[in-house]
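# Return a 3D structure for these sequence lines:
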Amino acid sequence: MDVFLPEDTSGKPALLVFIHGGYWQELSKDDSAFAAPYCLANGTALAAINYTLAPNATLDEIVSECVEAIDWLTTFASVVGIDPNRIFVSGSSAGAHLAAMVALKRRSIRGAVLVSGIYDLNPLTGTSIDRPLKLSSRTIRENSPLLKEIESFPPSLIAWGEIETSQAKKQSQAFAAHLVAAGTRCQSLEVSKRNHFDVILDLADPGTALGAKVHTLINKGTI
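Below you'll find the predicted structure:
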């Protein structure tokens, strides 16, 4: 992982963890530092984490790696220079799926920002995306946040671009409704004039609708 810290860490800043997309088989942390300047200006730390890409890792293993990254950051928070009680997860597309899985598995997460995510893996079966993943019915069941019971989930912002496919919008809207039904504090946001690939660029920019809400979540711990 790459960790970016504000100059003054004496107050133990909050940490925004970003998990990249790429359908679990492309991109890396090296494509994930775009939000750092905005985070640092807000006094927030940013961690961009890597994970082994498919087909070199199964989806179960990828999820486990992301959870391990959060566990490491929590355990060594004092060494890193962050507040272990103010760790927020975020991600785009497949990264939003992974961030949701982390939030499901670790109750210590303070908030989640899930952008243009995939929350039900069933529609991927038999597609070119599925080829390196080799999804089984068990893998889909265990790794689809929309199919899981929500017992405890942090305050969440679910966002997507206005110029996305109907399926992408449908999945985000369905997961937001799933969270609300479970009693989770959740806010949905359709970002005007943004598509599946550029909406995430607004993640921490306070001059955008998405970025402003993210900073509110981090600074106040609520939606």
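
# Quick one: neighbours of N56, just the number.
Neighbourhood size, N56 [other CB atoms under 10 Å]: 10. Bear in mind the C-beta positions are built from the backbone N, C-alpha and C, glycine included.

# Adjacent strands (with direction) for the host helix or strand of L46?
Under the criterion of DSSP states H and E, L46 resides in strand 45-49. Note on strand 45-49: by DSSP bridges, its sheet partners are strand 2-4 (antiparallel), strand 15-19 (parallel).

# I'd like the ones you listed as TSV, with distance to K29 and mean neighbour count appended.
Output for the strands paired with strand 45-49, formatted as TSV (distance: least, CB to CB, whole Å; neighbours: other CB atoms under 10 Å):
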stretch	distance to K29	mean neighbour count
strand 2-4	5	16
strand 15-19	8	28
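
# Need those strands in CSV (columns: distance to A35 and mean pLDDT).
Below are the strands paired with strand 45-49 laid out as CSV (distance: least, CB to CB, whole Å; pLDDT from 0 to 100):
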stretch, distance to A35, mean pLDDT
strand 2-4, 9, 98
strand 15-19, 6, 98
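
# between these, which one is nearest to L201?
strand 15-19 (11.9 Å; CB to CB).

# Restrict the closest one to CA atoms and write it as PDB.
Listed next in PDB are the C-alpha coordinates belonging to strand 15-19 (Å, rounded to 0.1, in the frame of the first residue of the first chain):
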ATOM      1  CA  LEU A  15      -7.700   7.700   7.200                       C
ATOM      2  CA  LEU A  16      -9.500   7.300   3.900                       C
ATOM      3  CA  VAL A  17      -8.700   3.900   2.300                       C
ATOM      4  CA  PHE A  18      -9.100   3.700  -1.400                       C
ATOM      5  CA  ILE A  19      -9.500   0.300  -3.200                       C
END
